[in-house]
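Peer 1: I need the structure of the sequence given here:
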Amino acid sequence: MAEQPGTLLYYLKRSTEFLEKKEIPNPRVDAEWILSDLLNLPRIKLYSQFEMPLGQKEIDTYRERIVERSKRKPVAYITGKKGFHKFEYLVSEDVLIPRPETEELVDYLWKKKEELFLSSDPIHIWDLCSGSGCIGLSLTQLLPSSVVTLSDLSEKAVTVSRRNAEKYNVSDRTHFYVSDLDLALPDGLEFDLVVSNPPYIPESEKPEIMPDVLDYEPHLALFVSDFNEFHKRLLDAISKRLKPGGKLMLETHPLYIKDLEAMAITLGFVDTKIVLDSSKKERFLFAKKL
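Peer 2: Below you'll find the model as predicted:
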């Protein structure tokens, strides 16, 4: 016999208990996010709707999604979206889930925009290894004079980023390429700023990665077999595409960032700076081209 519908609070509590038993971190928070998405309510509004009865379809769907989360599927892949900076982007298992650290990269550039971009001419930006497009599309909106190129090796990832550009009506200022670094970009295309959150986790670290990430997020966007070889190719492509005086902001592995900085200097980048994230980890490399 089908279970009788109960209140929002009843199913929220039961879902939280179920996720606790499955040893899911932050079970109450996850249960709330999944329910708020299902009901199309801001999460904070759940607290004023605790006595609201759920329909059978809502109950069944909520159960299915809670079971998915119990199997370590990330909440963002269950809801199909993730908040990032001032925006919310569509995501799928074809792209990395945007991280808070990457928000800090965007925020750094936005807050320093007057210092970094003195010209009133259009700012040409390349979001390399763009994934969902969260970096490039955020900058498109935060810097209204910008024109942004987004490229990724994954065709499916580029499809997701195109959908996000359409969502925010910025398709007229964005260009998309399926490309291994810059190989598919038009000859002569150069940029004032290159931003990138490329794959940077050595494959040797896979055993240390939590299952929520390892079992669901695209390994193409996470792991590199040879950190130095890949990043040499990456910096070569960036150097070739930056205008004189152009800037680079790169997210990377804190354990390898000093090696990466030395590599950038060897390749002719100047004014390098290691920028800490909010956890005081050496997360971002800033550099300029002569």
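Peer 1: Return the residues in contact with Thr159.
Peer 2: Taking Cβ atoms under 8 Å, 6 or more residues apart in numbering, we find Thr159 in contact with Asp94. In this view, the C-beta of every residue, glycine as well, is placed from N, C-alpha and C.
Peer 1: Tell me how far it lies from Glu93.
Peer 2: Going from Thr159 to Glu93 by Cβ to Cβ, to the nearest Å gives 13 Å.
Peer 1: What of Ser171?
Peer 2: Separation of Ser171 from Glu93 (Cβ to Cβ): 24 Å.
Peer 1: How about Glu23?
Peer 2: Distance, Glu23 to Glu93, using Cβ to Cβ: 22 Å.
Peer 1: now the strands for this structure?
Peer 2: Read by DSSP state E, the chain holds these strands, from start to end of the chain: 81-84, 87-90, 123-128, 146-152, 174-178, 191-196, 201-202, 223-224, 242-251, 269-276, 282-289.
Peer 1: other SSEs contacting the helix or strand of the chain with the lowest mean pLDDT?
Peer 2: Within the chain, confidence by mean pLDDT, DSSP states H and E is lowest for helix 113-116 among all helices and strands, at a mean of 88. Packed against helix 113-116, as judged by 3 or more Cβ pairs under 8 Å, 6 or more residues apart in numbering; DSSP states H and E, are no other helices or strands.
Peer 1: What lies in contact with it?
Peer 2: Taking Cβ under 8 Å, 6+ apart as the rule, helix 113-116 contacts Leu109, Leu142, Leu143, Leu193, Lys247.
Peer 1: can I see the domain layout of the protein?
Peer 2: Here the domain assignment for the chain is 8-71, 85-289, based on automatic domain parsing.
Peer 1: quick one, which of the ones you listed is packed in tightest?
Peer 2: With neighbours defined as mean count of other Cβ atoms under 10 Å, these peak in mean count at domain 85-289, which reaches a mean of 18.
Peer 1: Endpoints of that domain, how far apart?
Peer 2: 28 Å (Cα to Cα, to the nearest Å).
Peer 1: Which one, of the strands of the chain, ends up nearest to Met52?
Peer 2: With Cβ to Cβ as the criterion, Met52 lies closest to strand 81-84 of these, at 22.8 Å.
Peer 1: what mean pLDDT does that closest one have?
Peer 2: The pLDDT scores in strand 81-84 average 97.
Peer 1: looking at it, Val224 is touching Ser204, isn't it?
Peer 2: No - contact criterion Cβ atoms under 8 Å: Val224 and Ser204 do not qualify, at 10.2 Å.
Peer 1: Roughly how far does the residue nearest to the spatial centre of the chain sit from Asp60?
Peer 2: Geometric centre of the chain, nearest residue: Pro98, 2.4 Å, by Cα atoms, centre = their mean. Taking Cβ to Cβ as the measure, Pro98 falls 30 Å from Asp60.
Peer 1: Could you do Thr266 as well?
Peer 2: Where Asp60 is concerned, Thr266 sits at a distance of 59 Å (Cβ to Cβ).
Peer 1: got it, and Ala165?
Peer 2: Per Cβ to Cβ, Ala165 is found 34 Å from Asp60.
Peer 1: what's the answer for Glu261, then?
Peer 2: As judged by Cβ to Cβ, Glu261 and Asp60 stand 53 Å apart.
Peer 1: how about the helices in this protein?
Peer 2: Assignment of helices within the chain using DSSP state H yields the ranges 8-21, 27-39, 56-70, 75-79, 100-111, 113-116, 134-142, 155-167, 211-214, 227-241, 257-266.
Peer 1: Out of these, which gets nearest to Tyr200?
Peer 2: For the helices of the chain, proximity to Tyr200 was assessed by Cβ to Cβ; helix 227-241 is nearest, at 6.7 Å.
Peer 1: what's that closest one in contact with?
Peer 2: Under the criterion Cβ under 8 Å, 6+ apart, residues 126, 128, 181-182, 185, 189-191, 194, 196, 198-200, 202, 224, 248, 252-253, 256, 259-260, 263-264, 267-269, 289 lie in contact with helix 227-241.
Peer 1: residue ranges with poor pLDDT in the protein?
Peer 2: Along the chain, segments meeting pLDDT under 70 span 1-5, 118-120.
Peer 1: mind running it again at 90?
Peer 2: Residues of the chain meeting the criterion pLDDT under 90: 1-6, 114-121, 144-145.
Peer 1: what about Lys73, how many neighbours?
Peer 2: Using other Cβ atoms under 10 Å, Lys73 has 17 neighbouring residues.
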